[in-house]
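Peer 1: Sequence and computational prediction follow.
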Amino acid sequence: MIINSLKAENFLKYSKLDLKDLPKEGVIAISGGNESGKTSIGEAISFALFGRTFAIDFDKIARAIKWGKESCSVVMDFEISENCYKIERQTDKQGYC
């Protein structure tokens, strides 16, 4: 799977996250200080694909919403074997995806 773009709104650490034009080859490194949002990027990918994160189960997914906001969303464009896909997922404070 090749991730082409990842967008998130009000998801964990991010009010807005917009990663685009990601390279199709090589390794991508994410660096930054403690609590800067590195893990939140992996959590956003997990939420997009599975409706949960590796730290938050389905029944508590509302915890992924940025503090003080009503809902969050993640959009991910990716390729598998040259086929392109787009997945969008959102949740609100009641945990409805």
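Peer 2: Received, thanks.

Peer 1: contacts and neighbour counts: CA atoms only from here.
Peer 2: Noted.

Peer 1: Over to the residue nearest to residue 69 when sequence neighbours are not counted: give its phi and psi.
Peer 2: Distances taken as CA to CA, 6 or more residues apart in numbering place residue 10 nearest to residue 69, at 6.7 Å, with adjacent residues excluded. When read as degrees, to the nearest 10, the backbone of residue 10 gives phi 50, psi 40.

Peer 1: Give me the contact list for stretch 84-93.
Peer 2: Here stretch 84-93 makes contact (CA atoms under 8 Å, 6 or more residues apart in numbering) with 47-49, 51, 61-63, 65, 70-79, 96-97.

Peer 1: how about the helices in the protein?
Peer 2: Counting by DSSP state H, the chain has helices at residues 38-50.

Peer 1: low pLDDT regions in this structure?
Peer 2: Along the chain, no part satisfies pLDDT under 70.

Peer 1: now the residue nearest to residue 69: how far from residue 85?
Peer 2: Distance, residue 10 to residue 85, by CA to CA, to the nearest Å: 23 Å.

Peer 1: what about the two, which has more around it?
Peer 2: residue 10 (20 against 12; other CA atoms under 10 Å).

Peer 1: So that one sits against residue 68, correct?
Peer 2: No. Between residue 10 and residue 68 there is no contact under CA atoms under 8 Å: 9.2 Å.

Peer 1: how about residue 22, what does it touch?
Peer 2: Residue 22 makes contact with 3, 4, 5, according to CA under 8 Å, 6+ apart.

Peer 1: repeat for residue 18
Peer 2: 5, 6, 7, 8.
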